[in-house]
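Asks: give me the fold of what follows.
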Amino acid sequence: MMNFNGPNYLWWFFVTLLCSGVSKECTKNGSDFESYLGTKTPYRIVANQNSSEIKYEGCRAEKLWAMVRHGTRNPNAKLIDKMNTRLVEIRDLILENLSKATDDISNLNLDLFRSWTSKLKDKDEKRLTHEGEDEMLLLAERLQNRFPSILSNVYSDSSIKLKFTATQRTKKSAQAFAAGLFGRNVVKDIRFPEPLTKDPILRFYKLCNKWRKEVSKNPAAVAERRKFEQSEFMAKTIEAINRRLGFSDELDLNDIHAMYMVCSFETAWHKRRRSPWCSAFSTDDFKAMEYAEDLKYYWVDGYGHELTYKQACPALNDMLEFFNNNASLPKATVYFTHSGTLLKMLAHMELYREEEHLRAADFAKHSNRKWRVSQIDSFGTNLIFVLFNCQGQEKILTLHQEDVIRMPSCPDSDLCDIDKFTEYYNASVECTFDEMCDNVQ
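Replies: Okay, here's the model as predicted:
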């Protein structure tokens with residue numbers, strides 16, 4: 001147990017204060033490890049906290065359409081099992097190996113290992129956490145401040161459409177978002193559409209037979225990640241982590257990946273509490289683990305296969321149809337979905353595209369890559385389109401992680417004329433989903 005009367009506690013208390021909020025000081029060896037946690041990165045790391053109203057002279061915001069990834073959640077059952085078994089073993093071995101602090105593992109981190117335990121059960125898998133609820137509530141409040149003419153604080157079932165997939169984490173995300181807009185007491189009165197397991201807009205990829213067969217269930221799709229994990233560079237990373245924790249070669253890649261995942265989840269769950277598992281990694285180790293994650297998601301959910309991102313056309317069409325509908329209500333459509341949907345949508349819109357494919361052998365070459373899921377697909381990731389009326393001309397504003405971004409259709413302007421936007425994505429408008437997915441019998 002931690003000694004609450006000794007100098008270690010004073011150091012722990014000091015670091016806790018230092019790490020409050022989103023302080024960049026709360027890092028290992030001065031590095032910002034929170035920026036290398038892949039798709040388990042907490043949204044607070046990437047969110048735009050400036051909630052000032054977004055205005056353009058001569059323009060009025062009229063409609064909003066958004067795709068939002070659920071907030072921070074618990075791990076899957078497989079990782080929970082590892083937390084309750086193998087990581088307990090590793091924790092005990094670390095404490096046997098390191099009876100006192102080293103240059104790499106401080107007294108603070110040893111105390112954190114001594115007090116570390118897993119309280120999760122299989123039934124807790126993938127459930128939204130309190131941090132995830134806060135992410136959604138605060139996102140709603142900021143969007144309401146930015147677009148007050150669209151997002152009212154008075155609930156009306158005709159003014160907004162909120163829809164989620166058939167999962168607890170997206171349902172609770174939608175409810176928390178609604179609480180941010182209308183207050184917690186109103187949520188019980190909100191009418192949510194019945195969720196679908198295979199929603200054609202929120203989870204279109206579950207309806208694409210060809211993609212599921214050739215990419216999702218095809219081991220070859222993650223070949224580049226496997227090559228990187230089997231590379232000499234990764235072997236040296238594994239060796240360095242073993243040595244840092246006092247092992248020779250007891251920890252293999254599976255162990256280290258589990259440690260990296262738990263470091264990521266525990267960092268996402270707690271703003272002010274450090275995970276001891278993060279101390280096992282240097283900044284270079286974190287970058288290596290992140291690149292392995294980027295290779296996986298690039299080839300399965302991104303630009304690795306053309307079908308992967310082309311199949312997102314139903315979602316883009318849903319947005320354009322909503323904007324082109326002359327009805328004044330609803331003013332907003334907000335969908336709560338998953339990582340796979342957001343990444344495919346980003347690629348479909350030609351955002352964060354590399355000049356060449358990410359490859360296992362090109363880690364050093366891609367140190368400044370655009371495709372970093374830590375930045376573009378954290379928990380709570382969102383892609384938002386806002387329709388402005390500018391003296392009779394309709395224009396689209398795009399935000400990602402609440403930051404205004406310029407689209408390939410209008411690289412020199414925040415606002416893009418809707419006709420120009422539609423023309424650029426004409427192939428999506430002429431969507432042949434069932435044909436491209438070999439769904440036609």
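
Asks: so how far is Gly340 from the residue positioned nearest the centre of the chain?
Replies: In the chain, the residue lying closest to the centroid (CA atoms, centre = their mean) is Ser378, at 2.1 Å. With distances taken as CB to CB, to the nearest Å, Ser378 is found 14 Å from Gly340. C-betas here are computed from N, CA, C, even on glycine.

Asks: so where do the helices sit in the stretch 151-300 of the chain?
Replies: For the stretch 151-300 of the chain, helices defined by DSSP state H, counting those that start in this stretch occupy the ranges 168-182, 209-211, 223-229, 232-244, 253-269, 283-301.

Asks: those helices: which one's closest to Ile105?
Replies: With CB to CB as the criterion, Ile105 lies closest to helix 232-244 of these, at 6.9 Å.

Asks: what's that closest one packed up against?
Replies: The helices and strands touching helix 232-244, judged by 3 or more CB pairs under 8 Å, 6 or more residues apart in numbering; DSSP states H and E, are helix 253-269, helix 283-301.

Asks: what's the angle from it to helix 283-301?
Replies: On the basis of axes from the mean of the first three to the mean of the last three CA atoms, to 10 degrees, helix 232-244 is oriented at 130 degrees to helix 283-301.

Asks: after the longest strand along the chain, next one along is what?
Replies: Ranked by residue count and defined by DSSP state E, the top strand of the chain is strand 59-69. Per DSSP states H and E, strand 59-69 leads on to helix 77-84 as the next helix or strand towards the C-terminus.

Asks: quick check: Glu214 touching Leu307?
Replies: Yes. If you go by CB atoms under 8 Å, Glu214 and Leu307 touch, sitting 7.1 Å apart.

Asks: how about the helices in the stretch 301-441 of the chain?
Replies: So, for the stretch 301-441 of the chain - with DSSP H, counting those that start in this stretch - the helices run 306-310, 313-324, 339-348, 373-376, 418-424, 426-429, 433-436.

Asks: return the member of the ones you listed having the minimum mean pLDDT.
Replies: The minimum mean pLDDT among the helices of the stretch 301-441 of the chain belongs to helix 426-429 (a mean of 90).

Asks: in that helix, what's buried?
Replies: By 16 or more other CB atoms under 10 Å, the buried positions in helix 426-429 come out as Ser428.

Asks: what packs against that helix?
Replies: helix 313-324.

Asks: orientation of the helix it packs on relative to strand 59-69 in degrees?
Replies: Going by the same axes, to 10 degrees, helix 313-324 makes 150 degrees with strand 59-69.

Asks: helix 313-324 to helix 339-348, inter-axis angle?
Replies: Using the same axes, to 10 degrees: helix 313-324 against helix 339-348 is 70 degrees.

Asks: centre of the chain versus helix 313-324, how much separation?
Replies: Mean-position distance between helix 313-324 and its chain equals 23 Å (CA atoms, centre = their mean, to the nearest Å).

Asks: mind listing what's buried in that helix?
Replies: For helix 313-324, using 16+ other CB under 10 Å, the buried residues are 313-320, 322-323.
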